[in-house]
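Enquirer: Quick one, fold the following:
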Amino acid sequence: MVEVVDLTKRIQEKLKNEKEELAYSKHDEVLDLCEEVFPEGSIVIAIVDGELEVSMNIEDEDTVITALYSVLNKFVKKDE
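Expert: Predicted coordinates:
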């Protein structure tokens, strides 16, 4: 008996993994550059192919939440 193997799924999975590895690599490069300018830490937010990507080198969760809240608060219109 012969088993048919769908190579399309395997190729798509491999390409997806390579794309994710490239994204992690690029985010690491950007975070390294940001660390030189912002030694306290930074958050990188990107939209790639319609998907949201977030990376950070801040370990304190409260600091991350406060920073994100501050940015969102600045750009969201408040009802007066």
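Enquirer: List the buried residues of the helix ranked longest in the chain.
Expert: For the chain, the longest helix by residue count, based on DSSP state H, is helix 7-37. Using 16 or more other Cβ atoms under 10 Å as the burial criterion, the residues of helix 7-37 that qualify are 23, 27, 31, 34. Placement of C-beta: from N, CA and C, glycine included.
Enquirer: so what's the third one closest to, chain neighbours aside?
Expert: To tie it back to what came earlier, the one meant is L31. Counting by Cβ to Cβ, 6 or more residues apart in numbering, L31 lies nearest to N57, which is 4.9 Å off, once chain neighbours are set aside.
Enquirer: The last one now?
Expert: Sequence neighbours aside, S42 is the residue nearest to C34 in space, at 3.8 Å (criterion: Cβ to Cβ, 6+ apart).
Enquirer: And the longest helix of the chain, what does it pack against?
Expert: Judged by 3 or more Cβ pairs under 8 Å, 6 or more residues apart in numbering; DSSP states H and E, the packing partners of helix 7-37 are strand 43-48, strand 51-56.
Enquirer: Any figure for the gap between Y24 and R10?
Expert: The spacing between Y24 and R10, counted by Cβ to Cβ, to the nearest Å, is 21 Å.
Enquirer: before we move on, the earlier item: with distance to G50 as extra columns, can I get the buried residues of helix 7-37 in JSON lines?
Expert: What follows is the buried residues of helix 7-37, written out as JSON lines (distance: Cβ to Cβ, whole Å):
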{"residue": "A23", "distance to G50": "13"}
{"residue": "H27", "distance to G50": "17"}
{"residue": "L31", "distance to G50": "22"}
{"residue": "C34", "distance to G50": "24"}
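Enquirer: coming back round to it: let me have the helices and strands packed on helix 7-37 in CSV, extended by distance to V2.
Expert: As requested, these are arranged in CSV below (distance: least, Cβ to Cβ, whole Å):
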stretch, distance to V2
strand 43-48, 40
strand 51-56, 38
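Enquirer: Which stretch among these approaches L72 most closely?
Expert: Closest to L72 of the helices and strands packed on helix 7-37, according to Cβ to Cβ: strand 43-48, at 10.9 Å.
Enquirer: Before I go, just wanted to say thanks for your time.
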